[in-house]
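Student: what shape does this take:
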Amino acid sequence: MTSDLKIIPVSHVFENINYLVPIYQRNYAWTETQIEQLIEDIESSIDDSNKNYFLGNLIVNQTDNNVYEVIDGQQRLTTLYLLEKYLGLAFAKEALRFEAREKSNRTLSYISDSSNPDLIEELSSPEILYGFQIIDNYFKNKNINKSSFVQKLNQVFLIRVQVPQNIDLNHYFEIMNTRGEQLELHEIAKSKLLEVLENDHDKNIAALIWEKCSDMNSYVQMNFDVNVRRNIFTQNWSSLCQSIKDFDSIKRKISIVDKSVDKKSLIDILRDNKMLNITITQSEDENERFESTISFPNFLLQVNAVMRKLGEEDASLDDKHFLNNLSWAWSTPEKAKDFLFHLLKCRVLFDKYVLKREFARDYKETGKWSLQRLEKYRDKKKNSDKPKYVGTLGDEGNDNKKLRTLQSCLRITYTTPKTMHWITVVLSNLLEDEGTNIIALLENYCRKKIVESDYQNRSGFKIERIVFSYLDYLIYRDGYSYDGKEIISPMQEDWQFQFRSSIEHFHPQHPVEGEYWEEDELNGFGNLALITVSGNSKFSNLPPAGKINSYPSIINQSLKLKVMEKMTRLGDGKWTEEKSSIHKDEMFDILKNKG
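Tutor: Residues are numbered from 1 along each chain as shown. Below is the predicted model of the structure:
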């Protein structure tokens, strides 16, 4: 039995076709990061009339004439449906349906017909509505031309794979989800690095470094066997030993090679057709506690950018050029060893100085921002060494809180890995001098971004996110007083950045009651704040007083918005054009003089 393949332009994927998502598939679950990445991939990949872009596979089972059951790819397909509906493309009736999920189908119908009244919340699918709002928000914030984007969809393709007829779909689905993983690009990179090394000892050490660095969700020290850890890290485990200057010095420190190391060649991996098994030796306390800011492949690109001193204009962090970006590293044995040494060195610095999410104690479900370094302590009861985590810049004082908040400001602003150049800046400077003042470094980085954004001459959705995020950081750092009264105290313990991307008009664009504002004041910086997409949806067209009284937790998402709330309560208890203008001038003053 063979499968049929058909290459389809994304712009035509829903023409005269009906897709059914079967009940055994999970609900639509893509979040802001994945949806924005899809749009950005399309937007950035098509730059001339002759270039095409391949988006991936869609695996289906044809059940009737032009009716296809979706076996794999439904998250991407549903996102494309929402995207193309947003762009106004023509569809077949019921082009996409979910089996036995009326809320989902009702919501798809709702967004297909803009004349429908708002759906009752209890009768709609919040995941699908949320996805549609993310698309709308992203296009507005990035000022993307819809007509131009529609044209690009003609050059973006899916491969629709029809599974053989009469196949056991349950068995096929099970195989695909347990043994059908594709070979990852970073596995190819690893194999090429090992192939160029000249002897088994070098290959063993290289494989050891690679595998231990590849688990990004724990501190790298804890991935090593305890004997190796003692040999290559300082006595308190916090840093590499001073004698570790290059690859060969690591090799001299490790006399017994970790037996778990996987040294398979690329041919072996392809023959096995499965992912590499990575054996990690770590404390139980480490399991599922930390979540890295970036994945291992993206970290490899960071190391590459640091070593080659690449700027932001070089697309150095774009994984579409992954193997090409790294190919220099396996051109000679010396370059391969130098890359592997820097991989470990940068990983130690990354764990120590770059933000993570931590899931522990009261934050086990939601997580919190974490900036901690690992240190060893002696458990006298068990007579063993264990890790403990202390503030990177010290638990006492405000420096660690300040740096943690500053990095989270950047993390929630530059959400895709290829835009996280601030991490490259941090690693590059620390590699040269670990005593670098990272707070001053990143504040300078933000100031440069603010100036480049030309925020004083922008309005509405054309104001870049960094302006709102960095302003909130400055208010957090210094506090804020209005009319001689402190209304935001410095370094508030209970406030932290949330992932947010939606520009909120405090006085609404389409008020259900009250007066309409002039366009300049309505879209002026004084009337705007950055909140979550779901928060923006809940605020809807409520007047400022209604937003304050009904959704205090959403107000708390932005310190700028909290200032606006406090100003609203003063005097007549209303948010006015005059207050908005005063607020804009004072916020611009903070950005210009205190940034």
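Student: can you give me the strands in the stretch 51-200 of the chain?
Tutor: Ranges of strands within the stretch 51-200 of the chain are 53-64, 67-72, 96-98, 156-162, based on DSSP state E, counting those that start in this stretch.
Student: if I pick Tyr219, what's in contact with it?
Tutor: Residues near Tyr219 by CB atoms under 8 Å, 6 or more residues apart in numbering: 286, 290, 351, 374, 387. To be clear about C-beta, it is placed using only N, CA and C from the backbone, and glycine gets the same treatment.
Student: same thing with Ser327?
Tutor: Contacts of Ser327 (CB under 8 Å, 6+ apart): Lys192.
Student: could you rerun that using 6 Å?
Tutor: By CB atoms under 6 Å, 6 or more residues apart in numbering, the contact list for Ser327 is empty.
Student: and the pLDDT for it?
Tutor: Predicted confidence (pLDDT) for Ser327: 94.
Student: so it, which of the three states?
Tutor: helix (DSSP: H, G, I helix; E, B strand; the rest coil).
Student: how much space between it and Glu434?
Tutor: For Ser327, the distance to Glu434 equals 30 Å [CB to CB, to the nearest Å].
Student: pLDDT of the helix or strand that contains Ser580, averaged?
Tutor: Assessed by DSSP states H and E, Ser580 sits inside helix 577-593. Mean per-residue pLDDT for helix 577-593: 96.
Student: list the helices and strands that helix packs on?
Tutor: helix 465-478 (3 or more CB pairs under 6 Å, 6 or more residues apart in numbering; DSSP states H and E).
Student: helices or strands up against the helix it packs on?
Tutor: Using 3+ CB pairs under 6 Å, 6+ apart, helix 465-478 sits against helix 399-413, helix 438-453, helix 559-569, helix 577-593.
Student: angle of the shortest one against helix 465-478?
Tutor: What that stands for is helix 559-569. 70 degrees (axes from the mean of the first three to the mean of the last three CA atoms, to 10 degrees).
Student: just to revisit the earlier point, is it possible to get CSV of the helices and strands packed on helix 465-478 that adds distance to Asn65?
Tutor: Converted to CSV, the helices and strands packed on helix 465-478 look like this (distance: least, CB to CB, whole Å):
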stretch, distance to Asn65
helix 399-413, 47
helix 438-453, 53
helix 559-569, 53
helix 577-593, 58
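Student: ok, now how distant is the nearest residue to Asn52 once chain neighbours are set aside from Glu15?
Tutor: Residue nearest to Asn52 in three dimensions, not counting chain neighbours: Gln155, with 4.9 Å by CB to CB, 6 or more residues apart in numbering. Distance of Gln155 to Glu15, given as CB to CB: 16 Å.
Student: these two: which has the busier surroundings?
Tutor: Gln155 (18 against 14; other CB atoms under 10 Å).
Student: quickly find the element holding the nearest residue to Asp379 once chain neighbours are set aside.
Tutor: If the residues on either side of it in the chain are set aside, Asp379 comes closest to Lys386, at 5.0 Å by CB to CB, 6+ apart. Using DSSP H and E, the element containing Lys386 is strand 384-391.
Student: now for that strand, which elements pack on it?
Tutor: Here strand 384-391 touches strand 372-379, going by 3+ CB pairs under 6 Å, 6+ apart.
Student: what's next to the strand it packs on, contact-wise?
Tutor: 219, 221, 236-238, 352, 385-390, 392.
Student: neighbouring strands - and their directions - for it?
Tutor: Note on strand 372-379: by DSSP bridges, its sheet partners are strand 384-391 (antiparallel).
Student: CA atoms only for the partner strand, dumped as CSV, please.
Tutor: This file holds the C-alpha atoms of strand 384-391, laid out as CSV (Å, rounded to 0.1, in the frame of the first residue of the first chain):
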residue,chain,number,x,y,z
SER,A,384,25.5,13.7,50.4
ASP,A,385,26.0,16.8,48.4
LYS,A,386,22.8,18.4,47.0
PRO,A,387,22.0,21.5,44.9
LYS,A,388,20.5,24.7,46.3
TYR,A,389,19.3,27.8,44.4
VAL,A,390,20.2,31.3,45.5
GLY,A,391,19.6,34.7,43.8
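Student: what about that strand, average pLDDT?
Tutor: Strand 384-391 comes out at a mean pLDDT of 91.
Student: that strand vs helix 399-413, what angle?
Tutor: Going by the same axes, to 10 degrees, strand 384-391 makes 80 degrees with helix 399-413.
Student: buried residues, strand 384-391. List them.
Tutor: Burial within strand 384-391, assessed by neighbour count using 16 or more other CB atoms under 10 Å, is assigned to 387, 389, 391.
Student: now swap in stretch 477-485 and tell me
Tutor: Buried residues in stretch 477-485 (16+ other CB under 10 Å): 477, 480.
Student: same thing with stretch 427-445?
Tutor: 427-431, 438-439, 441-443, 445.
Student: circling back: so which of the helices and strands packed on helix 465-478 is nearest Asn536?
Tutor: For Asn536, the closest of the helices and strands packed on helix 465-478 is helix 559-569, at 11.5 Å, according to CB to CB.
Student: identify each buried residue in that closest one, please.
Tutor: Here helix 559-569 shows 559-568 as buried, counting by 16+ other CB under 10 Å.
Student: and it, what does it pack onto?
Tutor: helix 465-478.
Student: hmm, back to that, just the buried residues from the contacts of Tyr219, in PyMOL please.
Tutor: Buried residues among the contacts of Tyr219 (16+ other CB under 10 Å), as a PyMOL selection:
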select buried, resi 286+290+351+374+387
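Student: rebuild the contacts of Tyr219 as TSV, extending it with distance to Leu528.
Tutor: Listed next are the contacts of Tyr219 as TSV, based on distance: CB to CB, whole Å:
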residue	distance to Leu528
Glu286	42
Phe290	34
Asp351	37
Leu374	41
Pro387	44
